[in-house]
Each structure stands twice: as C-alpha cells, then as structure tokens.
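Engineer: all I have is the shape, not the residue letters:
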C-alpha cells in the first residue's frame, strides 16, 4: 500500500514540514514538488531555505520542482501548503483533474460542500465529499483541515461538548513558525509580544462551529456554541499555547473535564499519536518548548484545569502548530480517507 | 519641599527601580537604603547587581546599607520593595515607629484597614489611614499599591465601571522583570512560555474588587464585579500585556469605551503622566517593547477595542510592570499623600 | 545656523534612525524624505513600518515622500541610507547637482577620491573633497562613513596606532538591526547564532586601512596594518560587541592601552559624546543592552583589556551600530564639515 | 556486558544530561543517583527541576537519592557532574574506595597524574591511570574530560597538529546550558551578550596543551602550541559556536585543512558518532540550532574554512556543549576504558 504524493507550495514553512513528515511515511511516497514559477526546473535541495531541521531529506533533495499545474504533477494525492489566495485558484484545478487535494490552506475551509476535518473530532464530515463531487462535477475533491490555533483548541473542546459546552474564550500565544518563513522579522518580536495576527481571530471563532457541527447527509449544521478569540504572537519557535475559558449549561467539575479529555480516543493510523490529549498535573505545564513534541508533535497537552465560577472552567492547551496544526493535520486526513476507503 | 526617603529591599529588581526613579525626583531625597543582614555596612554601588540601566545613580552609589530596622533608617517615608514574607514582619515595625510606609509588597494589600490605592482610581481610600492608625495605635501607617498586573488592568477597568461593568476575564503575558532578579532562569524561558505565575491569579482576581470598591468612612465595600485571570510568563524584559474580555449589564459600543478610557484624568503630581490611558488605533498595538515607556512608563496603553457579542467588549491593555506597576505606583501614592497633606 | 536636510532611503532601519536623530537636531531641519517609487507622494507616517521607537517624530509624519532625484529634493545636505547598489547610481546624481551627500552606504567608501571619515579618527581626510570635486567636475560631493562594525573597531584602534599596532583580529557579535528591516527572520535567529554576514568581513578588513591611513594632499596612503575579521549575527536588537586581539611591534601594558583609549578626545559638535571611549573595569562589561546607549549611542565602550602573550593585548569593544555605526556617523561627519566650513 | 553506573550531582543540568543519555545506554545500567544532603532519600522524579526534555526517564523517576558517599553508592562506575569545589573533595573518596570515576568536573583535569581525555584525540593518555593508582595508592581512579569549549575546539585542532599548528585564537559564543541550572538569569541575557565567563578562558588556554601533548610513560609532555581565548555568553539554549584563527609553521590550504578534518576517525563505541567532524560547505553554517544535534550531539561541525594571511586559516566550529562537551564526553571515556579493558 504506497500512494504517490505531491506537495503544492513546497518551499515554505508548512511545505518543509510536509516534506519532513512524508519523507519517512509508511504509506506515502513523495514524488512531486510544485512551487512558484521562478523555482520551476530547479532542484528542491538547492532552492529551499531549509529551516525545520539539519538537512533536507534525501528523498526530496534532487526532486526538480514543477509548476502548480495538474498536468505536471504525478501523484495520487496532493498536499496543499499554499497561501490562501493561490490555493483559491490552484486547488480546484487539481480536484477537477481528479486529484485528492488534502489542503492546509484556508481558502475552502468554510465552503459549504468542503469537509473541514480533524479525524478524532468529525470523521463523519468526510461524507461531504460525495456532495462536493456531485455539486462541482469533479473527479477529485478537496478536503481541508482547520487553522493551527483552531485545531489545538477544538481537540480540547470536542470531549467537552457532551458536558454541555456553551461558550469559549481563548487567548492564544502563538509561535513564530505559524507566520511562515521569512515571516516575523526578528526586530519585530525580540523582547516583544505582537497582540495581533491578521485574520486569525475570525478563523478561530468560525471554524470550530463547523468542526463541532453535525453532518446531516447534505450539509453541516453548525454547533450552537460561541467562541471568542484574542490572538497574540510570542517569541517561541514552535507550539501554540492557548488559555481557554469555557462555560457549560451545568456545573462541571475538574475531574469530569479531565476524564473527558483523556477519553478522546486515538485512531489506528500511522500519524496518530498514542494519546490524543495528554493531561498534565504539574502547576506550570504545558510549556511549548517541553510539550510541543509530545506524540511526535501530534498529541496536544492540557494542564491547569481550574474551576471558574459555578458553571465554568479554565485551562491551558498546547499543540505543535506546524505538525498537529498543519502538515500533520493534512496527512492524518489523508490517512483517514485511505482507511475509510475514500481514496 | 523635600522629603527624605528610604528604600526597604534596595538591591532587588523593584528596589533598583525605586532608586532609579527617586534619584531624580523633585520632592524626594534618597537618604537610606535598607537591605538584608549580609549586605549591611556595604556600599550600595559595590553590592548591587545593577541591571535596570547602565549605571547605579550617583546619589545611591556610596550609600552604606543599613538593617531593615526603624532605628537605623533616617527618612520621612520608606518605600518597601520587600518580598511578602519579610514585608509582613518589617513594615509594621516601621509604621509603629512613625514612618509612612508606601509599600509595593503584597503582605497587607488586602488587610481591612490598609488602603490599597491607585491615585487615579481610588484616592478616597486613603481615608482608611485614620482607621488604621486608630486600630493599631501606630504613629505611622502603611499604604499599599496593587500587584503589577492588577494595576494595569484596573486602570483600564475604572472608566468602564460607569458603563455597567459586570465581569472581567484577563489573560496576561507578563514580563520577566516581574519575577525579580535573578528571577526566571534563561533556560526556562528561552523559546518558551510558562503558563503559570505563583499566586498571581488570586491577586488579580481579588485586588480589583477592593480597588474599585467604595470607602464608607469605616471600611471598603468591595465592588460587585467578577474577575477571572489566567497568568503567563513570556520572554519580554519589561511590560505586561493583557488580553481582556469585559461584559456589561447593557450594550456598550467601542466608541463609548474609547471615550471612557480617554476620560481618565491625570493628576497634578510629579510622576503623573500627561495621559493616564493612551488609546492606539493601529491594529497591532500596544506592544511591550514599543509602548511600555509611554509617559515615562506611567501611562498605560489600550488598543484593539472590539465588540464581543451583545454586551461585551475585548481589548488589549499594556503597562510597564516595574514602573507603573511597582516602584512608580508607590511613589505616585506618596506624592498623592503629600498633595493631600496626609504627609 | 540651520541647514535644511533630506534623507535618501527614509523608510529602512537606518533611514528611521536618521529621522529620529535629525528630528531634534540643533543645526539641521528635516525637509525632504526620498523613497522608492511605490512610496512617492505618500505621507511618511502612513507608509513607514516604524520600529525604532514608540512614534514617528511629528516633524516627519506628514512629509510627503519624493523620488530619489535631485530635482525633487530641497535640501542643503542629503543623508544617504540607501542600499549599496542603489547608492551607486543615486548618490553621484546628487553630488553632481551640487548637494553635499553624507552617506552611510558602502558604494563609494573605498573610492580613491571619496573621503571615508570618522571625525575623531581622520578628519584631515576631508581634504579629499577638493580632489573629488576636481576629478569629477561636480558642484557637490560625497563623504562616507564606514561600516558599523568597522567604526566601532577603528575608534578603538586609533589610539593604539601610536603604540605600534601591527595586526588585528576581530570576532564580532552583531545586532539584528544591522541587517535592516525586515532583515533577519525571527525563525532564523531565535535560539541561534548565524556565523556569517554577507560582505561584512571584507569591509572590516579593508576600511580600517584607509581610515587609519595618511592623506598626502592627493590621496590616502593606507595604514600598514593587517586586520582579520570573523563576523557573526546574534539575537541582540542593537549594539555590536567585538572581541579584539591586537599585536604591537613592542610590549604594551594594559595600563598604556587604557590610557591611550581614554585619551581619544571628543569634538565640540552637537552629536559628539562627552567621552568617545568609555573604559569599564567590571569583569563582564561592556554588554550591548547596558552599554549601547552610552553617550546617547555615540560613545563606544571598551572593557576586559588583557595581556595576550608578549606583544599582544585582547579586549572587548562595543558600540551602537545604528547610531555611532550608521546614522550618527553620517550626522557627525556633516557637523564636522560645517564646523570646518566645508559646507 | 552491563555495568552498573551512578551519577554524582544528579539534579543539575549536566546531571540531567547524564541521566538522559544513560537511560538508553546499551552497556550501562543506571542504579545510583547521588545528590546534596537536602535531597537524600527523596525520589529523583519528584525533586528534580527537569529541563532537558519532556519527561524524566522512567528508569530514574523512582530512584531514591543517596548521599555523595562511596558507602551509599552501588555501582561499577560513577559519572561526576559535580561543581569543581565539591568534586575536589568527593571524587578522591570514590576513587580511593575502588570506583572508576569518569568526571566532567574541572577539579582534577590538570592534575599531573590524572588523564584528561577525548577518545578520538588522546586515548593513549589513559596510561596515566597506572601512574595515578601507584602514586595515590587507590583501588579506583579518576579520569576526566575537558571543559565543553575546549572539547569542541580540540577536536578540530587535533587533525591540524600534523600540518604544523603553532598558535590558536578562539572567540566563543557559548550556550546558556553551559552555565547550569538555574544559571544565567533571563533578565541578564535577553537582548544581550555577556562577554565574560568566569574561569573559562584559562581552561580553554591550558587544557588543549595537555590534551594535544604526549604521554611518555610517566607523564604528559605538553604540546608546544599557544592558545588564546575570548569567551562570551549568547542567548542560545545549547551548542557552543567558536570562531577560530590558527597559524601554522608553513602554508596550509583550505583543502588540506578540510581533508585533515574529515580524516579524524570515529571509534567503534556506542556513543561514538558516525562522523567525528562534519565539514559543511554552506556559507552560513554551522549554526547552533541546526547543527548541535548532528551525530546525536556527538559530532562537531566545521564550516567557513578560509585562508588568513600566508600561514593562517580561520574557521567556525560548533558542538553540543552538554552532550559532546560534558555528559557524552564522560560516557565516551567510560566506553573507551571498557573497550580497552581498563574497566
């Protein structure tokens, strides 16, 4: 069982992370790297400003980059690490041409007939694929994963839904890698916090409603909760830390929440971690440098669960933004589709 | 008009900040520096691990440190930069011996007969001094300022009280200097966030109720609001950034809030800034490195005021934690007492 | 005595520093800001990504940017903060049109008839101006200041020349602001050192020979010393730290070197610091965060002077790279030319 | 083949690194952890402020700490991560009691009858063990490894010795972990460089002469080279970067040096890396964040080899200071002794 896969937008931060994760993947064989015009025809290893580890993986070094055009890409699945505006044009072309597009881009996340999926949260939303193909007359299709901050948050919210979750407030302390490369100038963030990330709060407030919603066979009925976000950039390389307040429609104890968090089951997929949510008891965890790599970056870590008034709780949740929150999210979606025989 | 002043706990981070601010103060003349036993008799300039600027101010360099004992301190006012446990023992001795103790320590902040004061917020609470002196039979007295995170928050809450403020949630991103010196190890915070500061959330949740309460001639009636805090340390030298959610008992527009913030009047005191609250319109301000020194570190800066549901708002507030949030807070309190002829 | 001045390349890091320093200058009045085509006609305060302080100075906020063309610039002196390749084309046009060009760019530093000047080091090199004007038939002229790392180094070398200086080795730890804005990506430098700065070592090895050379009435005879540099970027905002080894043709004591450093006289110019070289005795100084602003950023600080073998010494020297090492260097050159009645 | 091993000074930074490396070691079984009096009897996992990875290894978690006394330690080999002053008293007691002491402490490095060893550099110096045992009448013995900065430097110097090495100048940019934990305060090093590390330069100047010297059957004849060091702390978590100038007694080309670096052979030992020295060709490598983990932290990386005058070269060398430079160094020494049947 080996699928040939390509990466669209291969030289950016998330593109690099895709390549790093795909280089050793048991099911996928990296065959195509698509990049912007000026890089076409050049070897990946010579063009990329590789920043995510010591070396470009051998499998990618000598791949000659191709244009972002279905005709030039030879693969069963393409992973998209494209900026939103480019994704909006490019991804439909690949889907139309029969590709499975597993996208980390935001362009189609909220489109009515495009699944927005976290495998442990809403695998049944993949049912939308049939709706999408019918709607659009495509041979292939687009499946998306959420924004990095949303994924970390929603993995922690999912187990709370059954406890009567009503409202969510989240203050994020987001890592530099979330802004891509070159991304945030060092002069802008050294000895500093930037309390604003363009477009981020909207995504964190909207996407969870779809993710936690119900697929009724035709479309997603959004969850009846309210999310309010305040998003901030901090001088951390990887790992988004989120301070979360939740209110329920009844009293919920710390123990109930903890049990709920730990009940979220991992899937039997290559990239799935042993534990989806790790709950830590230390007073000062999770911390990004210590906890981002838990479960090879695919676990999220929850800590400091505290009562907040009668019907509220507060806690900290942390996850690796470019692994669980981006490349790993798309790869896990592809794995799920293979297991579900959608691919 | 020159008062001789001393500093208790002169070598720590806040002690250094007191000395830096007092060195050029028009009303105060620095005469005494009290430190722990092992430093007594030594010259300040030779003992201190000075970290807040290029040089120890000339006026302090050659002062021989004295014990933390009223008999050895020659001053009208003592500023206390002591750790809470030591302050608990030392400050009453000074008050009993007739000193005015302007304290940044947390030991007596919540004591029923001790004023907890921010001059622009609750100057009338100084009325408690008479109650305190009567209660305790002291010649002197203790006046305290709040915790650094509380001060920055409450300066922004004060103008919102008249708009019907009901609940507050605050996620802080606090500077390293708030932990004193040596404080946070570099290995603990480089490329990291520590989502926990011991005792901090309790202070930020309790102190505002007293500060925003009413003095009825005998005691403080606490404000009927609810504050919930989540406190985090980030790799920033100075300046606490706080993401705030507020709910009102009615709808409040961004414009109303902005007008309220800008209406908070500065006092006619040497350390008072021209503007107490600076409201910035840029999408990405305030930022600690750029805004902490506004008003010589005595202004706070508010930005990103946004609607949050029907009766809510969210915004960012930032202030210099060791100036407005500590040394400058005590000094402003002392200036106010002089102006009010309490000293 | 007020000269109208313009800045070429006004929006970059050094351009911003020029504007900050010129905004309060007693002799200069900022009248023109020239920028790249896409910014022409726009107000400086609305276009610039201001990073060097809290606010764009009022005097610059509303200036409409003009093209980099002598016809559009109304000023007696233009300060150039241009990148080298653009400076190479633009600066001669201004000189030809009669402007005094005080340039921080590297384009003409090593040109035979262009003075490369540090006022305290080689003011007599301004004699080259006449040679230049004659050679080129220009009404105006170009005067340059050295690279930031060179300036800090050479200020410390100048007093050592009379002691028989032969060879110099310097390892620099250079600040982020030296790379301009956006400059070094935060992901590249967080928890990291980059042991390479393009073109830097060549500049640091060549420029000192000209600076410490003799003007013989026609050209500069280069100094007969050898400089070897290894240049590195570190996560520091401002302030270049340099570890220097020097060898002499005779034995030189630490005390002699110290006396020589302290003998370098300040000039009677507005931007000149009280002390050109500050020698510190503490074992762990100079440090960039503590010492870069000495003398308003125009002093350099030397420390840790140690014997190194029989005829050698080693020491640390530090200076503010965008003040003494860039904008302040050009401004000091202009002040010197005014004092010397060259302008 | 399993030896039981203990760690002296188990809770510090280097102690933690020993435990991390020993937890998965094929030849060693961790049995004893010795710590200061106040920790005796407590479980390691509950006492340590673990900072080097996400979790204390399972094997160490429940070990009850014992006093630093041979009677309480049950092991064949003890690894010493003690501060120098404590090592001076404690290590001889263990050696006298028959233990093999593999020490990272500086106390006995320069003692005449104590081997100071880097396995790839001077394995034959282990011959000193017999001299030591005879001299001191001990059943066991002490073997030391050099200072972290020295190890990285000397691994790169060893292959240059045959090319006629005469003098070495080294400017180090050292990581925070080299100062232990808590070590450098964050307020001291954020946005800063500290150009001084107590005692470091002496070690880096003296230890190489012993390491590169010859064992004549009775003692070490020091190498006839000269080393001059300037040591600096930078805001990097792990990995010492060193800028090196070397002079030879003849002309040496970049290619010769490169070939020499690559000729240094790895040993057939569990902790030995595949390549001892990795030479990189990129203009901007090695960098600590990207290269410190090469060879699981046991390789050093050399880059930027450049001519420097007629008989000189300059280059950058980088290594992991707590792995190759501390815990891994002692472990490699112990492995070598086992292979050489000394243990």
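Structural biologist: Yep, it's here. Worth saying up front: this structure is predicted, and the values here are computed from it rather than measured.
Engineer: now the helices for the stretch 151-300 of chain A?
Structural biologist: A:186-189, A:200-211, A:254-263, A:288-291 (DSSP state H, counting those that start in this stretch).
Engineer: minimum distance to chain C: which of these has it?
Structural biologist: Closest to chain C of the helices of the stretch 151-300 of chain A is helix A:186-189 (Cβ to the nearest Cβ; 4.3 Å). From N, CA and C alone the C-beta is placed, and that goes for glycine too.
Engineer: quick one: the residue of the stretch 1-150 of chain A found nearest chain B from residue A:14, how far?
Structural biologist: Among all residues of the stretch 1-150 of chain A, residue A:149 sits closest to chain B, at 13.7 Å; criterion: Cβ to the nearest Cβ. Distance, residue A:149 to residue A:14, by Cβ to Cβ, to the nearest Å: 14 Å.
Engineer: more crowded one of the two?
Structural biologist: Between residue A:149 and residue A:14, counted using other Cβ atoms under 10 Å in any protein chain shown, the more crowded position is residue A:14 (30 against 25).
Engineer: in chain A, what residue lies closest to chain B?
Structural biologist: Closest contact between chain A and chain B, by Cβ to the nearest Cβ, is at residue A:171 (3.3 Å).
Engineer: tally up the residues packed near the closest residue to that residue other than its chain neighbours, please.
Structural biologist: Of all residues not flanking residue A:171 in the chain, residue B:171 sits nearest, at 3.3 Å (Cβ to Cβ, 6 or more residues apart in numbering or on different chains). Around residue B:171 there are 28 other residues, counting by other Cβ under 10 Å.
Engineer: then residue A:139?
Structural biologist: Residue neighbour count, defined by other Cβ under 10 Å, stands at 11 for residue A:139.
Engineer: re earlier: right, and the helices of the stretch 151-300 of chain A - which one's nearest residue C:284?
Structural biologist: helix A:186-189 (24.6 Å; Cβ to Cβ).
Engineer: wait, a helix at the residue of the stretch 1-150 of chain A closest to chain B?
Structural biologist: Yes: applying DSSP: H, G, I helix; E, B strand; the rest coil, one finds residue A:149 inside a helix.
Engineer: dump the residue contacts of it.
Structural biologist: Residue A:149 makes contact with A:170, A:172, A:174, A:178, A:200, A:203-204, A:229, A:231, A:240, A:242, A:321, A:325, according to Cβ atoms under 8 Å, 6 or more residues apart in numbering or on different chains.
Engineer: redo those as a markdown table? Include pLDDT.
Structural biologist: Output for the contacts of residue A:149, formatted as a markdown table (pLDDT from 0 to 100):
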| residue | pLDDT |
| --- | --- |
| A:170 | 98 |
| A:172 | 98 |
| A:174 | 98 |
| A:178 | 97 |
| A:200 | 98 |
| A:203 | 98 |
| A:204 | 98 |
| A:229 | 98 |
| A:231 | 98 |
| A:240 | 98 |
| A:242 | 99 |
| A:321 | 98 |
| A:325 | 98 |
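Engineer: give me the buried entries from the residues you listed.
Structural biologist: Among these, the ones that count as buried by 16 or more other Cβ atoms under 10 Å in any protein chain shown are A:170, A:172, A:174, A:178, A:200, A:203-204, A:229, A:231, A:240, A:242, A:321, A:325.
Engineer: just curious, which of these is nearest to residue C:182?
Structural biologist: Nearest to residue C:182 among the buried ones among the contacts of residue A:149 is residue A:178, at 16.6 Å by Cβ to Cβ.
Engineer: hang on, the earlier thing: what bridges to the residue nearest to residue A:171?
Structural biologist: residue B:230, residue B:243 (DSSP bridges).
Engineer: these two touch, right, it and residue B:234?
Structural biologist: No: with contact defined as Cβ atoms under 8 Å, residue B:171 does not reach residue B:234; the gap is 11.1 Å.
Engineer: quick one, what contacts residue A:249?
Structural biologist: Residues near residue A:249 by Cβ under 8 Å, 6+ apart: A:164, A:166, A:311.
Engineer: distance of the closest residue to residue A:278 other than its chain neighbours relative to chain C?
Structural biologist: Excluding its sequence neighbours, the residue lying closest to residue A:278 (Cβ to Cβ, 6+ apart) is residue A:301, at 4.6 Å. Computed with Cβ to the nearest Cβ, to the nearest Å, the distance linking residue A:301 and chain C is 21 Å.
Engineer: now swap in residue A:130 and tell me
Structural biologist: For residue A:130 relative to chain C (Cβ to the nearest Cβ), the value is 40 Å.
Engineer: quick one: end-to-end distance for stretch A:314-324.
Structural biologist: 22 Å (Cα to Cα, to the nearest Å).
Engineer: after the one helix or strand residue A:134 maps to, next one along is what?
Structural biologist: Assessed by DSSP states H and E, residue A:134 sits inside helix A:128-136. Per DSSP H and E, helix A:128-136 leads on to strand A:141-144 as the next helix or strand towards the C-terminus.
Engineer: centre of the chain to that next one, how far?
Structural biologist: In terms of Cα atoms, centre = their mean, to the nearest Å, the centre of strand A:141-144 is found 13 Å from the chain centre.
Engineer: next one: the residue in chain A that chain D sits nearest to from residue B:236, what distance?
Structural biologist: Using Cβ to the nearest Cβ, the closest approach of chain A to chain D is made by residue A:191 at 4.8 Å. Distance check for residue A:191 against residue B:236: by Cβ to Cβ, it reads 6 Å.
Engineer: let me know the pLDDT of residue A:324.
Structural biologist: On the pLDDT scale, residue A:324 is placed at 98.
Engineer: what comes up buried for stretch A:118-125?
Structural biologist: Buried residues in stretch A:118-125, counted by 16+ other Cβ under 10 Å: A:118, A:119, A:120, A:121, A:122, A:123, A:125.
Engineer: farthest-separated two in the residues you listed?
Structural biologist: Top of the distance list for those (Cβ to Cβ): A:120 and A:125, 12.2 Å.
Engineer: residue ranges in the stretch 101-250 of chain A under the pLDDT threshold?
Structural biologist: Across the stretch 101-250 of chain A, nothing is flagged by pLDDT under 70.
Engineer: interface residues of it facing chain B?
Structural biologist: Within reach of chain B by Cβ under 8 Å from any Cβ of the partner chain, the stretch 101-250 of chain A has these residues: A:169, A:171, A:173, A:190-196, A:198, A:226, A:228, A:230, A:232, A:234-237, A:241, A:243, A:245.
Engineer: just the buried ones out of those, please.
Structural biologist: Among these, the ones that count as buried by 16+ other Cβ under 10 Å are A:169, A:171, A:173, A:190-196, A:226, A:228, A:230, A:232, A:234-237, A:241, A:243, A:245.
Engineer: so which of those residues sit within strands?
Structural biologist: When these are checked against strands (DSSP state E), the matches are A:169, A:171, A:173, A:226, A:228, A:230, A:232, A:241, A:243, A:245.
Engineer: ok, the residue nearest to residue A:278 to residue B:185 distance?
Structural biologist: Residue A:301 sits 21 Å away from residue B:185, going by Cβ to Cβ.
Engineer: who's more crowded, these two?
Structural biologist: Set residue A:301 next to residue B:185 and count neighbours by other Cβ under 10 Å: residue A:301 wins out with 29 against 21.
Engineer: helix or strand for the more buried one, which one?
Structural biologist: For residue A:301, the host element (DSSP H and E) is strand A:300-307.
Engineer: got the residues of chain A near chain C?
Structural biologist: Of all the residues in chain A, those lying near chain C are A:13, A:51, A:176-177, A:181-191, A:235, A:237, going by Cβ under 8 Å from any Cβ.
Engineer: try 7 Å
Structural biologist: Within chain A, the positions near chain C by Cβ under 7 Å from any Cβ of the partner chain are A:51, A:176-177, A:181-191, A:235, A:237.
Engineer: I'd say the residue of chain A closest to chain D and residue B:237 touch.
Structural biologist: Yes: contact status for residue A:191 versus residue B:237: in contact at 5.2 Å, counting by Cβ atoms under 7 Å.
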